[in-house]
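A.B. asks: Curious how this folds, go ahead:
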Amino acid sequence: MNNSVSMNKNLFLFCFFLSLLFFSCKKQEDNLPRKATGKINTISVIIEDQLWNGEIGESIRNKFASPVIGLPEEEPLFTINQYPVKLMEGFMTDSRTIIVVKKENKTQFEIKKDQYASPQNVFHISGKTNADILEIIEKNTPQIIQIIKETEIAESQRINRQSLINPIIIRNKFQISLEVPFGYSYALQKSKFIWLKKEIISGNTSLLIYEVPINSIKNRFNSITNIIRIRDSIGALYIRGTELDTPMITEDGYSPYLFKLKLNGKETYETKGTWELKNDFMSGSFVNYAIVDGEHNRILILEGFCYSPSKKERDLMHELESIIKSIVILNKNEK
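C.D. replies: Numbers count the residues shown, from 1 in each chain. You can find the predicted model right below:
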């Protein structure tokens, strides 16, 4: 009898603790922010129609929908969806990027991370007058754009990680880790050169990886000239059309854009522009990263380019950029 009572008591305590654990986990789950959603490079602007249709809206459109550099056709930096404040008050929006603009008795700029969902950036801009709001927009636009770009790259990389190609060939050939999503296949492999290609409905996207001697970009003031010379020589060697004398070259009609940045902690030259096939009709966008890798005594070059005559190229190039920016250069003793 006592044993039966003891067993029932233990069973009751066990069930009680299980219930506590379940409700505790459920409460933690309920407190977690919702997953942010939305198309890549799309932002929600919450602003009254009157302000949107005036000088404030014009300023926002000029800055956040300005043309993307390096594309053959004009495309906006971000796709903007505008909503009046009355439709969004109290609404827990799931957009990754939200810009809230209001006329209020206080003038301030505030960034809230994961306010309604995650990952998310909500930029709050308020001012007493139009001039106050315009000043905040003017002052903080570079920071806002930088944060949005980093968030969108991270989101693309998250999507890529869901299904990656085998990294062994790239790792063994170049001593790097690179997250290349499923869909890309090896179009060409040489000693120090790889061409990966993905077919899409409107054409294809390509990723090149190769290395050149570290002194190939000798003069920093002529670095753009050296980079174009290098990429055109690679085009002449490996990438051409179906006809004779149709190598891929940097398009003469548009000067490429050059930026200096850090990639995987190393000095890097970023070049954006358009390519074409010589004596042919094919052309498109490219982004080229020349990484100064002193440990391996080389310039490591990763380039993405696309051919998509019937589709916009902004998001295609964004995917290529997100792949390239996933790079980790391994130490010489790493395998």
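
A.B. asks: buried ones in stretch 99-110?
C.D. replies: Within stretch 99-110, the residues that count as buried by 16 or more other CB atoms under 10 Å are 99-101, 103, 109. The way it works is simple: take the backbone N, C-alpha and C, and place the C-beta from them, glycine included.

A.B. asks: do stretch 256-271 as well
C.D. replies: For stretch 256-271, the neighbour count (16+ other CB under 10 Å) marks 256, 258, 263, 268-271 as buried.

A.B. asks: same check, this time on stretch 280-295
C.D. replies: So, applying 16+ other CB under 10 Å, buried residues of stretch 280-295: 283-291, 293.

A.B. asks: One more: stretch 246-259?
C.D. replies: Quick answer for stretch 246-259 (16+ other CB under 10 Å): 246-251, 256, 258.

A.B. asks: next one: stretch 105-125
C.D. replies: Residues 109, 115-117, 120-125 are the ones in stretch 105-125 that count as buried (16+ other CB under 10 Å).

A.B. asks: Among the residues you listed, which pair sits farthest apart?
C.D. replies: Based on CB to CB, the longest span within these runs between 109 and 117 and measures 21.2 Å.

A.B. asks: thinking again about what came up before, among the buried residues of stretch 280-295, which ones are in strands?
C.D. replies: Using DSSP state E, the subset of these located in strands is 283-291, 293.

A.B. asks: could you dump those to a markdown table with pLDDT and distance to residue 184?
C.D. replies: Shown next, in a markdown table, are these (pLDDT from 0 to 100; distance: CB to CB, whole Å):
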| residue | pLDDT | distance to residue 184 |
| --- | --- | --- |
| 283 | 94 | 21 |
| 284 | 95 | 17 |
| 285 | 96 | 17 |
| 286 | 98 | 16 |
| 287 | 98 | 16 |
| 288 | 98 | 18 |
| 289 | 98 | 17 |
| 290 | 97 | 21 |
| 291 | 97 | 20 |
| 293 | 96 | 23 |
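
A.B. asks: quick one: which of these is nearest residue 83?
C.D. replies: Nearest to residue 83 out of those is residue 285 (CB to CB; 31.3 Å).

A.B. asks: Quick check: the closest one touching residue 75?
C.D. replies: No - applying CB atoms under 8 Å as the test, residue 285 and residue 75 come out as separate, 9.8 Å apart.

A.B. asks: between these two, what contacts are shared?
C.D. replies: Taking CB atoms under 8 Å, 6 or more residues apart in numbering as the contact rule, residue 285 and residue 75 both touch residue 313.

A.B. asks: any idea how far residue 318 is from residue 259?
C.D. replies: When distance is defined by CB to CB, to the nearest Å, residue 259 is 16 Å away from residue 318.

A.B. asks: Let me fix that, I meant to ask about residue 258.
C.D. replies: Residue 258 is 19 Å from residue 318, where distance means CB to CB.

A.B. asks: before we move on, what about residue 98?
C.D. replies: From residue 98 across to residue 318, the span is 20 Å (CB to CB).

A.B. asks: These two: which has the busier surroundings?
C.D. replies: Regarding residue 98 and residue 318, a neighbour count based on other CB atoms under 10 Å identifies residue 98 as having more, with 25 against 19.

A.B. asks: where's that one, which helix or strand?
C.D. replies: strand 97-103 (DSSP states H and E).

A.B. asks: returning to what we had before: make JSON lines out of the buried residues of stretch 105-125 and add secondary structure, pLDDT and distance to residue 38.
C.D. replies: What follows is the buried residues of stretch 105-125, written out as JSON lines (DSSP: H, G, I helix; E, B strand; the rest coil; pLDDT from 0 to 100; distance: CB to CB, whole Å):
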{"residue": "109", "secondary structure": "strand", "pLDDT": "97", "distance to residue 38": "23"}
{"residue": "115", "secondary structure": "coil", "pLDDT": "90", "distance to residue 38": "15"}
{"residue": "116", "secondary structure": "coil", "pLDDT": "88", "distance to residue 38": "12"}
{"residue": "117", "secondary structure": "strand", "pLDDT": "90", "distance to residue 38": "10"}
{"residue": "120", "secondary structure": "coil", "pLDDT": "94", "distance to residue 38": "10"}
{"residue": "121", "secondary structure": "strand", "pLDDT": "96", "distance to residue 38": "12"}
{"residue": "122", "secondary structure": "strand", "pLDDT": "95", "distance to residue 38": "13"}
{"residue": "123", "secondary structure": "strand", "pLDDT": "97", "distance to residue 38": "15"}
{"residue": "124", "secondary structure": "strand", "pLDDT": "97", "distance to residue 38": "19"}
{"residue": "125", "secondary structure": "strand", "pLDDT": "98", "distance to residue 38": "20"}
